[in-house]
Each structure stands twice: as structure tokens, then as C-alpha cells.
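Colleague: Kindly generate the corresponding structure for this input.
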Amino acid sequence: MPSVFSRIVSGELPSAKVYEDDETLAFMDINPASRGHTLVICKEEHPDIFTTPPHLVAAVARTAQKVALALRDALDIDGLNIVQNNGAAAGQVVFHYHVHLIPRWKGDHVLRPWTPHPADPSELRTIAERIRAAIKED
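Modeller: Residues are numbered from 1 along each chain as shown. Down below sits the predicted model:
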């Protein structure tokens, strides 16, 4: 069954569209974290960043930047959170690759970032080595 976002792309479900091109669509989130909260999706249905082709990840990033600039100018925002969740453990609810653009204003308390804690330098080097070894070249 197609995701709710695929149903928006096909026109089966309505949306308040902000921007559209051949590969992406940006529209208002119906359960916004803040005024102007916009979703940017790839039109093809792929569940997450792990399965979305690189050219579509790049297309979503280009559209996200274009819409972010428009949010800045249209809503006079003080900042912007860009959120992209992958998997239920990360809070993903709709399994169709997408990015949240969440406008921020000073003192809004919309999102509370994590509290940073110093990491063990040896552990950082070990993890970095494991990640380097797992990177697949194109």
C-alpha cells in the first residue's frame, strides 16, 4: 500500500503545496511543530536514507535549501531545524524518505536538543575506524 506521502504525490490526498519539481515535493506538515513546518519529500517512495538512491537524497537536499531560504524570507525566522528520521527507533512515523524544515524563533522551546556529554577520545577513534572501514566507495 502506498504511503500517505505517495498518496499526496498522486493527488489522492490534498496538501498545501509549497514547491514541486520533477523529483521532489514540499508541503505543509498537518501536525506542525511550529508555524511554517514544511516537509520535503522525494516523489518516488523509498522508506529511508538507507534505501533512497543518492541522486534523490541530493534532490531533497536542494529543495530543502530552496524552501529554507523562502521560510527565512517569508516568516522572518530566527533559525531552522532540519530533521530527518530513519526507522521507528529514531522516531520515523511515515516510511517515505522526507525532511522536516521546522522554523524557529528565539525562546520558542519547540525542540529541546540533547545534552552533550564528553566522549572518551579512545572510543571516538575506535568508532571512527569502524565507520571508515564500513564506508563503501561509489
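Colleague: Now do the contacts for residue 27.
Modeller: If a contact means CB atoms under 8 Å, 6 or more residues apart in numbering, then residue 27 has 8, 15-18, 38-39 as its contacts. Where C-beta positions appear, they are placed from N, C-alpha and C, glycine not excepted.
Colleague: Max pairwise distance over those residues: which two?
Modeller: 8 and 38 (13.0 Å; CB to CB).
Colleague: most distant residue from the middle of the chain?
Modeller: For the chain, the residue at maximal distance from the C-alpha centroid (CA atoms, centre = their mean) is residue 122, at 31.6 Å.
Colleague: for that one, what are its contacts?
Modeller: Residues near residue 122 by CB under 8 Å, 6+ apart: none.
Colleague: show me what contacts residue 38?
Modeller: Taking CB under 8 Å, 6+ apart, we find residue 38 in contact with 18, 26-29, 67, 71, 100-101.
Colleague: go with 6 Å
Modeller: Residue 38 sits next to 18, 26, 28, 67, 101 when contact means CB atoms under 6 Å, 6 or more residues apart in numbering.
Colleague: Which of those residues fall in helices?
Modeller: Under the assignment DSSP state H, the contacts of residue 38 contribute residue 67 to helices.
Colleague: circling back to that earlier point, report the separation between the residue farthest from the centre of the chain and residue 132.
Modeller: 16 Å (CB to CB, to the nearest Å).
Colleague: hang on, the earlier thing: among the contacts of residue 38, who's most crowded?
Modeller: residue 101 (25 neighbours; other CB atoms under 10 Å).
Colleague: mind listing what that one touches?
Modeller: Contacts of residue 101 by CB under 6 Å, 6+ apart are 38, 67-68.
Colleague: Mind listing the residues bridging to it?
Modeller: The residues listed as beta-bridge partners of residue 101 by DSSP bridges are residue 38, residue 82.
Colleague: Next, name the residue at the spatial heart of this protein.
Modeller: Closest-to-mean residue, the chain, CA atoms, centre = their mean: residue 99 / 1.6 Å.
Colleague: looking at it, that one is touching residue 86, isn't it?
Modeller: No - at 11.2 Å, residue 99 and residue 86 do not qualify as touching, with contact defined as CB atoms under 6 Å.
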